[in-house]
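Participant: one predicted model, sequence on top.
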Amino acid sequence: GHTVTPCKAAGCYAPGGRYPLPSSVIMTAVTARAAGCEKVVLCSPRPAPITLAAAHIAGADLFLTVGGAQAIASMAYGVADMVPSCDVIVGPGNKWVT
């Protein structure tokens, strides 16, 4: 048989461009929470108030206001004792973070 266990930490990326995308937060962070991930890390550069509200509703544990490759690297490798190394990183992607 198979043993299915959730990953310990999930990294979620939400773009912070001209138009906020709270749907990206909901689709990624809620899914990670429902899957049983212990820690949900969310990154978004220049988050709009609605993005922060979506992160709160989705139950994100950490919110980093950083974007692009720096955000992906922070979630992939972790940052000291503040940000865990994430087992999976999800998000819509764009030309800077694909």
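Facilitator: Yep, that arrived.
Participant: can you map out the helices along the protein?
Facilitator: 22-25, 31-34, 49-58, 68-77 (DSSP state H).
Participant: was I right to think Leu21 contacts Tyr13?
Facilitator: No: at 10.2 Å, Leu21 does not count as touching Tyr13 under the criterion of C-beta atoms under 8 Å. From N, CA and C alone the C-beta is placed, and that goes for glycine too.
Participant: setting aside sequence neighbours, what's the nearest residue to Thr13?
Facilitator: Not quite, residue 13 is Tyr, not Thr. Gly91 (3.1 Å; C-beta to C-beta, 6 or more residues apart in numbering).
Participant: show me the contacts for the one you found.
Facilitator: Cys12, Tyr13, Ala14, Pro15, Ser24, Thr28, Val97 (C-beta atoms under 8 Å, 6 or more residues apart in numbering).
Participant: can you map out the strands along this structure?
Facilitator: Using DSSP state E, the strands of the chain run over residues 9-13, 39-43, 62-64, 88-90.
Participant: low-confidence stretches in this structure?
Facilitator: Applying pLDDT under 70 to the chain flags residues 93-98.
Participant: which one of the helices of the chain lies nearest to Cys7?
Facilitator: Comparing the helices of the chain against Cys7 with C-beta to C-beta, the closest turns out to be helix 31-34 (8.3 Å).
Participant: what's the spacing between the nearest residue to Ser85 once chain neighbours are set aside and Ala71?
Facilitator: Spatial nearest neighbour of Ser85, excluding adjacent residues (C-beta to C-beta, 6+ apart): Gly78 at 3.7 Å. In this structure, Gly78 and Ala71 are 13 Å apart, going by C-beta to C-beta, to the nearest Å.
Participant: the more surrounded of these two?
Facilitator: Using other C-beta atoms under 10 Å as the criterion, Gly78 and Ala71 rank with Ala71 on top: 25 against 16.
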